[in-house]
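1. sequence and predicted structure, then a few things I'm wondering about:
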Amino acid sequence: MAEASSGAAQIGFSPAAGVFYEEVEQGLRSSPRTLPCKYFYDAQGSQLFDAICELPEYYVTRTELEIMRRHAGEMAERIGPGVMLIEYGSGSSVKTRLLLSQLDRPAAYVPVDISGDHLLSTSERLRVSYPQIEILPVCADFTESFALPRPSTRPTHNAVYFPGSTIGNFHPAAASRMLRTIVELCGCGGGLLIGVDLQKDPAVLMRAYDDSQGVTAAFNQNLLRRINRELDANFELDAFEHQSYYDTESHRIEMRLVSRCDQAVTIGGEEFGFDRGESIRTECSYKHTVEGFAQLASEAGLALRESWTDDDERFAVLHLVV
Ligand code: AVJ
């Protein structure tokens, strides 16, 4: 019991409503209007995302999993023995398990997630499956700096595991800052194992972000539902249409919510007008090439050591070192 609660000492973080409101207000006052995609993942949003991962059109999760199944052993060998493995956005633990099962005497596994509940339940399950690995969850927004826990065994080095192509949600400048933060966190001898979605036929991308069953549309609209609930707003979900758009120049897929009519919405007492056809950009998902990403990473101080892809080269997992 004492052991199970040791990691929980780090829990206690939840995004302050004030910050959420400020980010929403700022996004809706910018041009084009935007909303931050990190707020998709409340309980319902996380469930919808899990459903997206099962969709025939959404190749991303399935492909990364296939790469992990095939190559987790080589990846663990690359990472080396005695590591403190820090995972960013430790949503589902399937990929993590493939890696943890292969690592040579890791000093600790540190899942970092913004959702405390999710983090706790995942950590408990991992403790049962891997009693020999110290699990030290940290509830934090990994885009901000946070303190690393101190494992009882001294790690030989640190490595960040950043799967799921979450890095795709960062504009290149922000991705670059993020990579620099990882370099600082890991320090000398550190490493990064990262999942990156690759550039491909735009038609495939469009289908992946606008599926036939409308799950992605519901996921997108759920952001409005969350704002209604948490920020005392009155968005009418059906008055905003889900749209995906691929920008061929910046190689990013965008999700948007397009106003179906002229309307006014109140958020925490403040009114926002929307013209018919006006859109809110809710997510950018950048698609990279292995070379392009290696270039971005090298500017941040990371050198590409190895990359693994699927047969169709839809997705890549890269190992980089400081
Ligand atoms: C979780 C950021 C990888 O960009 O593909 C899925 C989120 N958005 N469908 C992605 C998402 C629409 C997803 N990531």
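-> In hand now; what should we look at?

2. now the strands: where do they sit in the chain?
-> Secondary structure of the chain (DSSP state E): strands at 33-34, 83-88, 108-113, 138-139, 157-162, 191-197, 240-247, 252-259, 263-267, 270-274, 279-286, 303-309, 315-321.

3. near the ligand, which residues of this protein are found?
-> Within the chain, the positions lying close to the ligand (C-beta under 6 Å from any ligand atom) are Ile52, Val60, Gly164, Ser165, Thr166, Gly168, Asn169, Tyr209, Thr216, Met255, Glu283, Ser285. Heads up, the C-betas are built off the backbone N, CA and C, glycines and all.

4. closest one to Leu126 among the strands of the chain?
-> Between Leu126 and these, the shortest gap by C-beta to C-beta is with strand 108-113, which sits at 6.9 Å.

5. and that closest one with strand 83-88, angle?
-> For strand 108-113 against strand 83-88, the angle by axes from the mean of the first three to the mean of the last three C-alpha atoms, to 10 degrees is 10 degrees.

6. could you check the angle strand 157-162 makes with strand 108-113?
-> 30 degrees.

7. for strand 108-113, name the packing helices and strands.
-> Judged by 3 or more C-beta pairs under 8 Å, 6 or more residues apart in numbering; DSSP states H and E, strand 108-113 is in contact with strand 83-88, helix 94-100, helix 116-129, strand 138-139.

8. can I get the strands of the chain in a markdown table including mean pLDDT and mean neighbour count?
-> A markdown table is the format used below for those (pLDDT from 0 to 100; neighbours: other C-beta atoms under 10 Å):
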| stretch | mean pLDDT | mean neighbour count |
| --- | --- | --- |
| strand 33-34 | 98 | 20 |
| strand 83-88 | 96 | 25 |
| strand 108-113 | 94 | 25 |
| strand 138-139 | 91 | 21 |
| strand 157-162 | 97 | 24 |
| strand 191-197 | 98 | 25 |
| strand 240-247 | 98 | 18 |
| strand 252-259 | 98 | 21 |
| strand 263-267 | 98 | 15 |
| strand 270-274 | 97 | 14 |
| strand 279-286 | 98 | 21 |
| strand 303-309 | 98 | 16 |
| strand 315-321 | 98 | 23 |
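
9. tell me the contacts of the residue of the stretch 201-322 of the chain found nearest the ligand?
-> Minimum separation of the stretch 201-322 of the chain from the ligand (C-beta to the nearest ligand atom) falls at Ser285, amounting to 3.4 Å. When contacts are counted by C-beta atoms under 8 Å, 6 or more residues apart in numbering, Ser285 is found next to Ser165, Gly168, Asn169, Asp197, Tyr209, Arg252, Ile253, Glu254, Met255.

10. Pro81 and Ser101, how far apart?
-> Counting by C-beta to C-beta, to the nearest Å, the gap from Pro81 to Ser101 is 15 Å.
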